Every structure is written in structure tokens, then in C-alpha cells.
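Enquirer: quick one, fold the following:
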Amino acid sequence: MLPIDLYSVLEGYGINELRPAQRKAIQAGLLEGKNLLVCTPTASGKTLIAELAAVSSIINRQGKCIYIVPLKSLATEKHREFSKKYGKLFKIALSIGDIDSADPYLKNYDMIIATSEKVDSLIRHRADWLRDIKVVVVDEIHLLNDPGRGPTLEILLTIIRKLLKNVQIIGLSATIGNPKELAEWLDAELVMDDWRPVELRKGIYFDGKIEFKQSK
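Expert: Down below sits the predicted model:
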């Protein structure tokens, strides 16, 4: 069951019912601490799935949350969004700076938004507050296949699962080529859905006109 304070925030944002993927995630054990790999289209509500688990964990005093994103710009965007939404309920930190620091001040925050490189640094510096992490969200988890960021993210997730035995990992992506294999590697329940808020149509543009493919 969701905390009352979380219900109030969602109602304030006009969220009165869950989208298909969100319902599937709850049925798959989202609020019971199970690992989830969520593979659904853009704008289908993936971020809220992560929020439900993270915010519930924080409000119920089960543990902190680390929200991992690939880019500093995205981290800044998420920090702004979550601070506006949940800033009155708990403390939210943005950690994207010096990768040669343990940032001890973060022990006073409940949700930490950071890049994978920064989280890797925090682990290597043995930040003592990491033991309080209950939920780890990995946005754009398909970047595990990226030749640049992939190895860091893979090693990071491996270390996190080894250090934090009871951590809940939630991976989010709209484009995973091998979802079943990745879910198995994460020991996660796979949540897939093709619902999207706006119909996706394919067409060909030529000479100032678009000819759309007929829907079946």
C-alpha cells in the first residue's frame, strides 16, 4: 500500500489512476522489494514506477534511494523535478561533481540523484551512508550495451548487488534489445507493455506531403 503522503502528492498532480505498466509493476512486486526491469515506450510512466518504490521506501523509513542517470544534464533535470514534487516530504540531493570525494554530507539526504561515474566514485571512496540504500533506480539501463558507459555501469551494478544484499534494483528503458537476458542477470521481474499516451504512426514524407501507413 502506498503511503498517504505519496497519495496526496500524486492527487495534487492529477494522477488518479495508474497506467498499464504501473499496474503491472505493482503486481510484479514493486512495493515488496523485488527487482524489476521495466521496458515500455517513452511517456508510458516508467519514471513514476521508480518513484513509487523509492518514495515509499523513504517515507516508510526502509532506506534511502539512489537514482542513477547517464548524463549530468538529466540528473539536474530529475533533481529539479523531484524537488518540486517531493521536496516537502524528504531531502533530495544532486551529486554530479567531484568524482574524487566521498561527499559525506549526502548521509543527511534521502534521495541522491547521480551519474553512474559519480556513484562508482562514492563506492570506491567507501561512503559509509551507502549501507542505508534500499532502492537503486537505473534510468536508461540499456546503456549497459554502450561501449563507453556500459562497462562502468555493469561493474557498478555488480558491486552494488554484492555490497547491499537487500537492495531493490529498478531498471528503466524504452529500448532494450535483450530484455529477458538482462532481467535474468539482474534477478529481476520483467515488466513489458506497449501502451503509449499518443498513438505512434509511421509515414513517408515526400514533396511536402506525408502518407501514413494504414493501421491494421
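Enquirer: how is the residue most central in space within the chain assigned, secondary-structure-wise?
Expert: Relative to the mean C-alpha position of the chain, the nearest C-alpha, by CA atoms, centre = their mean, is the one of Val137, at 3.7 Å. Under DSSP: H, G, I helix; E, B strand; the rest coil, the three-state class of Val137 is strand.
Enquirer: so it is in contact with Leu52, correct?
Expert: No. Assessed by CB atoms under 8 Å, Val137 is found out of contact with Leu52, at 10.8 Å. (Glycine included, C-beta is placed from N, CA and C.)
Enquirer: got the contact list for Ser116?
Expert: Taking CB atoms under 8 Å, 6 or more residues apart in numbering as the criterion, Ser116 is in contact with 68, 70, 149, 152-153, 156.
Enquirer: let me know the pLDDT of it.
Expert: For Ser116, the model assigns a pLDDT of 90.
Enquirer: just the helices from this structure, written as ranges.
Expert: 4-12, 20-27, 46-59, 72-86, 116-124, 150-163, 179-186 (DSSP state H).
Enquirer: most packed of these?
Expert: Most buried of those by mean neighbour count (mean count of other CB atoms under 10 Å) is helix 46-59; its value is a mean of 23.
Enquirer: only alpha carbons, please: show stretch 89-105 as CSV.
Expert: Provided in CSV are the C-alpha atoms of stretch 89-105 (Å, rounded to 0.1, in the frame of the first residue of the first chain):
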residue,chain,number,x,y,z
LEU,A,89,8.4,15.2,2.2
PHE,A,90,12.1,14.4,2.3
LYS,A,91,15.6,15.8,1.3
ILE,A,92,16.8,15.3,-2.2
ALA,A,93,20.5,15.8,-3.3
LEU,A,94,22.2,16.2,-6.6
SER,A,95,25.6,14.6,-6.8
ILE,A,96,27.4,15.1,-10.1
GLY,A,97,30.5,17.0,-9.1
ASP,A,98,33.9,16.0,-7.9
ILE,A,99,34.5,12.2,-8.6
ASP,A,100,37.3,12.2,-6.1
SER,A,101,35.2,12.7,-3.0
ALA,A,102,33.0,10.6,-0.7
ASP,A,103,30.6,13.5,-0.3
PRO,A,104,29.9,12.7,3.4
TYR,A,105,27.1,15.4,3.5
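Enquirer: now that stretch: mean pLDDT?
Expert: 84.
Enquirer: thinking again about what came up before, quick one: pLDDT of the residue nearest to the centre of the chain?
Expert: Confidence at Val137, expressed as pLDDT, is 97.
Enquirer: distance of it from Glu189?
Expert: Here the criterion is CB to CB, to the nearest Å. By it, Val137 lies 15 Å from Glu189.
Enquirer: same question, Ala174
Expert: 18 Å.
Enquirer: circling back to that earlier point, mind putting the contacts of Ser116 into JSON lines with distance to Glu117 and pLDDT?
Expert: Converted to JSON lines, the contacts of Ser116 look like this (distance: CB to CB, whole Å; pLDDT from 0 to 100):
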{"residue": "Ile68", "distance to Glu117": "10", "pLDDT": "95"}
{"residue": "Pro70", "distance to Glu117": "9", "pLDDT": "90"}
{"residue": "Arg149", "distance to Glu117": "8", "pLDDT": "81"}
{"residue": "Thr152", "distance to Glu117": "6", "pLDDT": "86"}
{"residue": "Leu153", "distance to Glu117": "9", "pLDDT": "90"}
{"residue": "Leu156", "distance to Glu117": "9", "pLDDT": "91"}
